[in-house]
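Asker: here is a sequence with its predicted model. Questions after.
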Amino acid sequence: MQVRPLGDRILVKRTEAEEQNKGGIIIPDTAKEKPQKGKVVAVGSGRIEGEKKVPLEVKKGDTILFAKYSGNEITVGDEEYLILKEEDVLAIFEK
């Protein structure tokens, strides 16, 4: 089954949280926060401003940083995704 976001929404797969911090301390699962970084899996067709449709800046395959408590979590099969609005994207990581 595929999911296609509508309008100015994007579908994101969160990156895995780090098991160990920079100091070498191993973080248990119960103390981990959900990462705010993810990879864009799909994008909507764009937002409507007035009578014009404006395409999204975020594209499929981009790695993004998003607001901590934004979006809605969904599960498709056994994969977890996040659907959020483009305005919740804080930055796009460039290679």
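Answerer: In hand now; what should we look at?

Asker: and stretch 67-77, what's buried?
Answerer: 70, 71 (16 or more other CB atoms under 10 Å). C-beta: built from backbone N, CA, C; applies to glycine.

Asker: with stretch 39-46 instead?
Answerer: Here stretch 39-46 shows 40, 41, 42, 43, 44 as buried, counting by 16+ other CB under 10 Å.

Asker: output it as CSV, nothing but the C-alphas.
Answerer: C-alpha atoms of stretch 39-46 as CSV (Å, rounded to 0.1, in the frame of the first residue of the first chain):
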residue,chain,number,x,y,z
LYS,A,39,14.0,11.6,4.9
VAL,A,40,11.1,12.7,2.7
VAL,A,41,9.3,9.7,1.2
ALA,A,42,6.5,11.6,-0.7
VAL,A,43,5.3,15.1,-1.2
GLY,A,44,1.9,16.6,-1.9
SER,A,45,1.1,18.6,-5.1
GLY,A,46,1.5,22.0,-3.4
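
Asker: immediately after the helix or strand containing residue 81, which helix or strand?
Answerer: Per DSSP states H and E: residue 81 is located in strand 79-85. Following strand 79-85 in sequence order, the next helix or strand is strand 89-93 (DSSP H and E).

Asker: for that following strand, C-alpha coordinates in CSV please.
Answerer: Provided in CSV are the C-alpha atoms of strand 89-93 (Å, rounded to 0.1, in the frame of the first residue of the first chain):
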residue,chain,number,x,y,z
VAL,A,89,10.1,21.9,8.2
LEU,A,90,12.8,23.9,9.8
ALA,A,91,15.7,23.1,7.4
ILE,A,92,16.8,20.9,4.5
PHE,A,93,20.2,19.3,4.8
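
Asker: that one pairs with which strands, and in what direction?
Answerer: Partners of strand 89-93 in the sheet, by DSSP bridges, are strand 63-66 (antiparallel).

Asker: can you name the residues in contact with the strand it pairs with?
Answerer: 12, 15, 36-40, 58, 82, 84, 88-93 (CB atoms under 8 Å, 6 or more residues apart in numbering).
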